[in-house]
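Engineer: the following block contains a protein sequence and its predicted model.
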Amino acid sequence: MGFFDGSRAGEAPSAGLDKGLAKTRTGFLGKIGRIVRGKKTVDEQVLDELEEVLVTSDVGVGTTLHIIDRIGKRVAEDRYVSTAELHGLIRDEIASLLLDDLPDRPAGFDAPLPNRPHVIMVVGVNGVGKTTTIGKMAHRYRDAGKSVLLGAADTFRAAAVEQLSIWAERADVSIVRQAQGSDPASVAYDTVASADSRGADVAIVDTAGRLHTRGGLMEELAKIRRAMTKRVAGAPHEVLLVLDASTGQNALRQAEEFTRSVEVTGLVVTKLDGTAKGGIVIGISNDFRIPVKYIGVGERIEDLRIFDRRAFVDALFG
(Lines give C-alpha, C1' and ligand atoms only; values in the text may rest on other atoms or scores of the structure.)
Protein backbone atom coordinates (compact mmCIF):
# COMPACT_ATOMS: atom_id res chain seq x y z
CA MET A 1 0.00 0.00 0.00
CA GLY A 2 1.67 3.16 -1.20
CA PHE A 3 2.15 6.64 0.14
CA PHE A 4 -0.49 8.23 -2.03
CA ASP A 5 -3.29 5.72 -1.39
CA GLY A 6 -6.61 7.38 -0.70
CA SER A 7 -6.62 10.11 -3.37
CA ARG A 8 -10.03 11.11 -4.69
CA ALA A 9 -11.30 9.49 -7.85
CA GLY A 10 -9.91 11.34 -10.85
CA GLU A 11 -7.08 12.98 -8.88
CA ALA A 12 -3.43 12.50 -9.72
CA PRO A 13 -1.87 10.23 -7.06
CA SER A 14 0.11 13.08 -5.50
CA ALA A 15 -2.71 15.62 -5.61
CA GLY A 16 -3.87 15.01 -2.05
CA LEU A 17 -0.41 15.54 -0.60
CA ASP A 18 0.26 18.58 -2.78
CA LYS A 19 -2.97 20.15 -1.52
CA GLY A 20 -2.21 19.13 2.06
CA LEU A 21 1.13 20.92 2.02
CA ALA A 22 -0.04 23.90 -0.03
CA LYS A 23 0.12 26.42 2.84
CA THR A 24 3.54 25.27 3.98
CA ARG A 25 4.88 25.20 0.41
CA THR A 26 3.57 28.67 -0.43
CA GLY A 27 5.12 30.25 2.64
CA PHE A 28 8.39 28.33 2.45
CA LEU A 29 9.11 28.79 -1.25
CA GLY A 30 7.87 32.37 -1.16
CA LYS A 31 10.40 33.24 1.54
CA ILE A 32 13.24 31.53 -0.32
CA GLY A 33 12.23 33.29 -3.53
CA ARG A 34 12.49 36.67 -1.84
CA ILE A 35 16.01 36.09 -0.54
CA VAL A 36 17.44 34.96 -3.90
CA ARG A 37 15.64 37.53 -6.04
CA GLY A 38 18.22 39.47 -7.99
CA LYS A 39 21.09 37.30 -6.71
CA LYS A 40 23.26 35.15 -8.95
CA THR A 41 25.26 33.22 -6.36
CA VAL A 42 24.78 31.86 -2.87
CA ASP A 43 26.88 34.08 -0.59
CA GLU A 44 27.02 34.66 3.17
CA GLN A 45 24.09 37.04 3.06
CA VAL A 46 21.93 34.46 1.28
CA LEU A 47 22.92 31.82 3.85
CA ASP A 48 22.09 34.14 6.74
CA GLU A 49 18.70 34.94 5.28
CA LEU A 50 18.06 31.26 4.48
CA GLU A 51 18.79 30.46 8.12
CA GLU A 52 16.08 32.90 9.16
CA VAL A 53 13.64 31.40 6.64
CA LEU A 54 14.15 27.89 7.98
CA VAL A 55 13.81 28.93 11.63
CA THR A 56 10.64 30.93 10.96
CA SER A 57 9.24 27.95 8.99
CA ASP A 58 9.38 25.91 12.22
CA VAL A 59 12.20 23.66 11.03
CA GLY A 60 13.88 24.31 14.38
CA VAL A 61 17.15 25.94 15.36
CA GLY A 62 19.28 22.80 15.64
CA THR A 63 18.12 21.34 12.34
CA THR A 64 18.42 24.72 10.63
CA LEU A 65 22.03 25.14 11.72
CA HIS A 66 22.82 21.65 10.45
CA ILE A 67 21.31 22.41 7.03
CA ILE A 68 23.06 25.78 6.76
CA ASP A 69 26.39 24.25 7.77
CA ARG A 70 26.11 21.56 5.10
CA ILE A 71 25.11 24.02 2.37
CA GLY A 72 27.88 26.41 3.47
CA LYS A 73 30.46 23.63 3.10
CA ARG A 74 29.13 22.81 -0.35
CA VAL A 75 29.41 26.45 -1.38
CA ALA A 76 32.97 26.63 -0.02
CA GLU A 77 34.02 23.45 -1.80
CA ASP A 78 32.49 24.34 -5.16
CA ARG A 79 33.45 28.02 -4.87
CA TYR A 80 30.38 28.84 -6.93
CA VAL A 81 26.81 27.73 -6.32
CA SER A 82 24.03 29.49 -8.19
CA THR A 83 20.76 30.43 -6.60
CA ALA A 84 19.10 28.11 -9.13
CA GLU A 85 20.95 25.22 -7.48
CA LEU A 86 19.91 26.28 -3.99
CA HIS A 87 16.51 24.57 -4.12
CA GLY A 88 18.18 21.31 -5.07
CA LEU A 89 20.67 21.59 -2.22
CA ILE A 90 17.94 22.29 0.33
CA ARG A 91 15.81 19.44 -1.00
CA ASP A 92 18.69 16.98 -0.70
CA GLU A 93 19.63 18.11 2.79
CA ILE A 94 16.07 17.93 4.09
CA ALA A 95 15.54 14.48 2.55
CA SER A 96 18.75 13.22 4.15
CA LEU A 97 17.57 14.32 7.62
CA LEU A 98 14.24 12.49 7.48
CA LEU A 99 14.45 8.91 8.72
CA ASP A 100 13.01 5.79 7.12
CA ASP A 101 10.90 3.43 9.19
CA LEU A 102 12.40 0.18 10.46
CA PRO A 103 11.55 -3.28 9.05
CA ASP A 104 10.26 -4.52 12.43
CA ARG A 105 7.77 -1.65 12.52
CA PRO A 106 6.51 -1.42 8.92
CA ALA A 107 4.40 1.60 8.02
CA GLY A 108 2.54 -0.14 5.20
CA PHE A 109 -0.84 -1.36 6.39
CA ASP A 110 -0.66 -4.44 4.18
CA ALA A 111 2.94 -5.30 5.14
CA PRO A 112 3.60 -8.53 7.06
CA LEU A 113 3.78 -7.86 10.81
CA PRO A 114 6.58 -9.38 12.93
CA ASN A 115 4.27 -9.98 15.92
CA ARG A 116 0.79 -11.34 16.45
CA PRO A 117 -0.80 -9.47 17.96
CA HIS A 118 1.24 -6.46 16.92
CA VAL A 119 0.60 -4.04 19.76
CA ILE A 120 0.65 -0.28 19.14
CA MET A 121 0.41 2.23 21.97
CA VAL A 122 -0.62 5.73 20.92
CA VAL A 123 0.33 8.74 23.04
CA GLY A 124 0.00 12.52 22.83
CA VAL A 125 -1.72 15.46 24.49
CA ASN A 126 -5.44 16.08 24.14
CA GLY A 127 -6.57 17.84 21.00
CA VAL A 128 -3.85 16.67 18.60
CA GLY A 129 -6.09 14.18 16.81
CA LYS A 130 -4.94 11.08 18.68
CA THR A 131 -8.25 9.22 18.78
CA THR A 132 -9.05 10.18 15.20
CA THR A 133 -5.65 8.89 14.11
CA ILE A 134 -6.31 5.57 15.82
CA GLY A 135 -9.64 5.28 14.02
CA LYS A 136 -8.04 5.98 10.67
CA MET A 137 -5.25 3.47 11.35
CA ALA A 138 -7.83 0.84 12.27
CA HIS A 139 -9.68 1.52 9.02
CA ARG A 140 -6.52 1.22 6.94
CA TYR A 141 -5.44 -2.02 8.64
CA ARG A 142 -8.94 -3.46 8.30
CA ASP A 143 -9.05 -2.42 4.65
CA ALA A 144 -5.77 -4.28 4.16
CA GLY A 145 -7.36 -7.47 5.45
CA LYS A 146 -6.03 -7.46 9.01
CA SER A 147 -8.08 -8.10 12.13
CA VAL A 148 -7.89 -5.16 14.53
CA LEU A 149 -8.81 -4.63 18.17
CA LEU A 150 -8.90 -1.18 19.80
CA GLY A 151 -8.32 -0.48 23.49
CA ALA A 152 -9.99 2.56 25.08
CA ALA A 153 -7.40 3.20 27.83
CA ASP A 154 -8.08 6.96 27.92
CA THR A 155 -10.59 6.50 30.73
CA PHE A 156 -10.15 9.99 32.24
CA ARG A 157 -11.61 12.13 29.47
CA ALA A 158 -15.39 11.95 29.41
CA ALA A 159 -15.85 11.70 25.64
CA ALA A 160 -12.73 9.66 24.83
CA VAL A 161 -14.24 6.18 25.17
CA GLU A 162 -17.37 7.13 23.24
CA GLN A 163 -15.34 8.80 20.51
CA LEU A 164 -13.15 5.74 20.05
CA SER A 165 -16.24 3.50 20.05
CA ILE A 166 -17.68 5.52 17.18
CA TRP A 167 -14.45 5.10 15.23
CA ALA A 168 -14.44 1.36 15.97
CA GLU A 169 -17.92 1.07 14.52
CA ARG A 170 -17.01 3.15 11.51
CA ALA A 171 -13.89 1.06 10.83
CA ASP A 172 -15.80 -2.18 11.56
CA VAL A 173 -13.38 -3.37 14.25
CA SER A 174 -13.85 -4.54 17.85
CA ILE A 175 -13.09 -2.48 20.94
CA VAL A 176 -12.27 -3.21 24.59
CA ARG A 177 -13.72 -0.57 26.91
CA GLN A 178 -14.54 -0.07 30.55
CA ALA A 179 -16.38 2.60 32.51
CA GLN A 180 -15.00 6.13 32.71
CA GLY A 181 -12.48 6.39 35.53
CA SER A 182 -11.39 2.75 35.28
CA ASP A 183 -7.74 1.86 35.64
CA PRO A 184 -6.14 2.53 32.20
CA ALA A 185 -3.54 -0.19 32.75
CA SER A 186 -6.34 -2.69 33.31
CA VAL A 187 -7.97 -1.71 30.02
CA ALA A 188 -4.63 -2.02 28.21
CA TYR A 189 -4.01 -5.45 29.72
CA ASP A 190 -7.49 -6.66 28.78
CA THR A 191 -7.02 -5.34 25.24
CA VAL A 192 -3.77 -7.20 24.72
CA ALA A 193 -5.12 -10.34 26.39
CA SER A 194 -8.22 -10.28 24.19
CA ALA A 195 -6.18 -9.66 21.03
CA ASP A 196 -3.90 -12.56 21.98
CA SER A 197 -6.71 -14.99 22.69
CA ARG A 198 -8.62 -14.02 19.52
CA GLY A 199 -5.55 -14.23 17.31
CA ALA A 200 -5.98 -10.61 16.22
CA ASP A 201 -3.33 -9.17 13.95
CA VAL A 202 -3.19 -5.68 15.46
CA ALA A 203 -4.10 -4.15 18.83
CA ILE A 204 -4.10 -0.35 19.07
CA VAL A 205 -4.33 1.17 22.56
CA ASP A 206 -5.46 4.75 23.13
CA THR A 207 -4.05 6.60 26.17
CA ALA A 208 -4.82 9.77 28.07
CA GLY A 209 -3.39 13.13 27.11
CA ARG A 210 -3.66 14.35 30.68
CA LEU A 211 -4.84 13.00 34.03
CA HIS A 212 -7.20 14.28 36.69
CA THR A 213 -5.31 12.53 39.47
CA ARG A 214 -2.24 13.26 41.55
CA GLY A 215 -0.17 10.80 39.56
CA GLY A 216 1.79 12.13 36.61
CA LEU A 217 0.85 11.27 33.04
CA MET A 218 4.24 9.77 32.25
CA GLU A 219 4.09 7.47 35.27
CA GLU A 220 0.66 6.31 34.12
CA LEU A 221 1.95 5.59 30.61
CA ALA A 222 4.82 3.56 32.07
CA LYS A 223 2.29 1.57 34.10
CA ILE A 224 0.25 0.88 30.96
CA ARG A 225 3.35 -0.38 29.19
CA ARG A 226 4.19 -2.74 32.02
CA ALA A 227 0.66 -4.11 32.06
CA MET A 228 0.78 -4.98 28.36
CA THR A 229 4.20 -6.61 28.64
CA LYS A 230 2.88 -8.94 31.34
CA ARG A 231 0.56 -10.54 28.81
CA VAL A 232 2.55 -10.31 25.55
CA ALA A 233 6.34 -10.21 25.67
CA GLY A 234 7.76 -7.08 24.05
CA ALA A 235 4.44 -5.26 23.98
CA PRO A 236 3.90 -2.56 23.01
CA HIS A 237 5.89 -3.18 19.85
CA GLU A 238 5.37 0.41 18.79
CA VAL A 239 4.76 3.67 20.63
CA LEU A 240 3.44 6.34 18.30
CA LEU A 241 3.48 9.98 19.39
CA VAL A 242 0.78 12.09 17.73
CA LEU A 243 1.61 15.77 17.21
CA ASP A 244 -0.44 18.63 15.76
CA ALA A 245 1.58 20.43 13.09
CA SER A 246 -0.40 23.63 13.53
CA THR A 247 1.03 24.11 17.04
CA GLY A 248 4.54 24.63 15.64
CA GLN A 249 7.16 24.83 18.37
CA ASN A 250 4.66 23.59 20.97
CA ALA A 251 4.79 20.27 19.14
CA LEU A 252 8.56 20.28 19.62
CA ARG A 253 8.15 20.79 23.35
CA GLN A 254 5.60 17.98 23.52
CA ALA A 255 8.04 15.70 21.75
CA GLU A 256 10.71 16.62 24.32
CA GLU A 257 8.40 15.73 27.19
CA PHE A 258 7.15 12.42 25.82
CA THR A 259 10.48 11.15 24.51
CA ARG A 260 12.05 11.92 27.87
CA SER A 261 9.66 9.54 29.60
CA VAL A 262 8.39 7.12 26.96
CA GLU A 263 10.31 5.13 24.37
CA VAL A 264 8.66 6.64 21.30
CA THR A 265 9.31 4.62 18.14
CA GLY A 266 7.45 6.70 15.57
CA LEU A 267 5.68 10.00 14.95
CA VAL A 268 2.28 10.87 13.50
CA VAL A 269 1.98 14.50 12.44
CA THR A 270 -1.61 15.65 11.96
CA LYS A 271 -3.41 18.69 10.52
CA LEU A 272 -0.74 19.50 7.96
CA ASP A 273 -3.41 20.62 5.53
CA GLY A 274 -4.51 23.50 7.76
CA THR A 275 -1.17 25.09 8.58
CA ALA A 276 1.93 26.71 7.10
CA LYS A 277 4.05 25.10 9.84
CA GLY A 278 4.78 21.82 8.06
CA GLY A 279 8.49 22.40 8.58
CA ILE A 280 8.03 21.01 12.07
CA VAL A 281 8.04 17.53 10.51
CA ILE A 282 11.67 18.01 9.54
CA GLY A 283 12.85 19.47 12.83
CA ILE A 284 11.20 16.95 15.14
CA SER A 285 12.28 13.91 13.13
CA ASN A 286 15.87 15.11 13.00
CA ASP A 287 16.14 16.43 16.55
CA PHE A 288 14.83 13.26 18.16
CA ARG A 289 16.04 10.75 15.54
CA ILE A 290 12.56 9.23 15.33
CA PRO A 291 10.94 8.39 11.99
CA VAL A 292 7.68 9.98 10.93
CA LYS A 293 5.33 7.07 10.11
CA TYR A 294 2.13 8.85 9.12
CA ILE A 295 0.91 12.34 8.34
CA GLY A 296 -2.61 13.72 8.34
CA VAL A 297 -3.52 15.90 5.37
CA GLY A 298 -7.30 16.07 5.60
CA GLU A 299 -10.50 15.08 7.36
CA ARG A 300 -11.37 11.98 5.35
CA ILE A 301 -10.68 8.57 6.81
CA GLU A 302 -8.26 7.96 3.90
CA ASP A 303 -6.30 11.13 4.62
CA LEU A 304 -3.90 9.43 7.01
CA ARG A 305 -0.94 8.98 4.67
CA ILE A 306 2.05 6.70 4.96
CA PHE A 307 5.04 9.02 5.20
CA ASP A 308 7.68 8.89 2.47
CA ARG A 309 10.51 11.36 2.88
CA ARG A 310 11.21 11.90 -0.83
CA ALA A 311 7.53 12.31 -1.70
CA PHE A 312 7.16 14.75 1.21
CA VAL A 313 10.09 16.86 0.04
CA ASP A 314 8.88 16.79 -3.56
CA ALA A 315 5.46 18.02 -2.44
CA LEU A 316 7.04 20.64 -0.19
CA PHE A 317 8.98 22.12 -3.10
CA GLY A 318 6.28 21.57 -5.72
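Structural biologist: Yes, it's here.
Engineer: and what about residue 120, helix, strand or coil?
Structural biologist: strand (DSSP: H, G, I helix; E, B strand; the rest coil).
Engineer: any idea how far residue 206 is from it?
Structural biologist: Note on residue 120: its distance to residue 206, by CB to CB, to the nearest Å, is 10 Å. Every C-beta, even on glycine, is put in place using the N, C-alpha and C of the backbone.
Engineer: same check, this time on residue 177
Structural biologist: 10 Å.
Engineer: shared neighbours, these two?
Structural biologist: By CB atoms under 8 Å, 6 or more residues apart in numbering, residue 177 and residue 206 have these common neighbours: 152, 164.
Engineer: the more surrounded of these two?
Structural biologist: In this comparison of residue 177 against residue 206, neighbours counted by other CB atoms under 10 Å, the higher total goes to residue 206 at 32 against 21.
Engineer: that one: what's it in contact with?
Structural biologist: Under the criterion of CB under 8 Å, 6+ apart, the contact partners of residue 206 comprise 122, 130-131, 134, 150-154, 160, 164.
Engineer: quick check: pLDDT value at it.
Structural biologist: According to the per-residue confidence, residue 206 scores 96 in pLDDT.
Engineer: the most far-flung residue of the chain relative to its centre and residue 71, how far apart?
Structural biologist: With CA atoms, centre = their mean as the measure, the chain has its most outlying C-alpha, relative to the mean C-alpha position, at residue 79: 38.4 Å. Here residue 79 is placed at a distance of 14 Å from residue 71 (CB to CB).
Engineer: ditto for residue 292
Structural biologist: Residue 292 sits 23 Å away from residue 71, taking CB to CB as the criterion.
Engineer: in strands only, show me the contacts of residue 206.
Structural biologist: The strands in this structure, assigned by DSSP state E, contain 122, 150-152 from the contacts of residue 206.
Engineer: which of those sits closest to residue 317?
Structural biologist: Set against residue 317, the nearest of those by CB to CB is residue 122 (30.7 Å).
Engineer: for the closest one, which non-adjacent residue is closest in space?
Structural biologist: Distances taken as CB to CB, 6 or more residues apart in numbering place residue 240 nearest to residue 122, at 5.1 Å, with adjacent residues excluded.
Engineer: what sits against that neighbour?
Structural biologist: So residue 240 contacts 120-123, 133, 264-268, 293-294 (CB under 8 Å, 6+ apart).
Engineer: distance to residue 246 added to those residues, as JSON lines?
Structural biologist: Listed next are these as JSON lines, based on distance: CB to CB, whole Å:
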{"residue": "120", "distance to residue 246": "24"}
{"residue": "121", "distance to residue 246": "24"}
{"residue": "122", "distance to residue 246": "19"}
{"residue": "123", "distance to residue 246": "19"}
{"residue": "133", "distance to residue 246": "15"}
{"residue": "264", "distance to residue 246": "20"}
{"residue": "265", "distance to residue 246": "24"}
{"residue": "266", "distance to residue 246": "20"}
{"residue": "267", "distance to residue 246": "15"}
{"residue": "268", "distance to residue 246": "14"}
{"residue": "293", "distance to residue 246": "19"}
{"residue": "294", "distance to residue 246": "16"}
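Engineer: now do the phi/psi pair for residue 111.
Structural biologist: As for residue 111, its main-chain torsions (degrees, to the nearest 10) stand at phi -70, psi 150.
Engineer: likewise residue 39?
Structural biologist: Comment: the main-chain dihedrals of residue 39 come out as phi -100, psi 150, following degrees, to the nearest 10.
Engineer: what's near enough to touch the residue lying closest to residue 183 once chain neighbours are set aside?
Structural biologist: What sits nearest to residue 183 in space, not counting adjacent residues and going by CB to CB, 6+ apart, is residue 155, at 7.5 Å. For residue 155, the residues meeting the contact criterion (CB under 8 Å, 6+ apart) are 161, 178-184, 187, 208.
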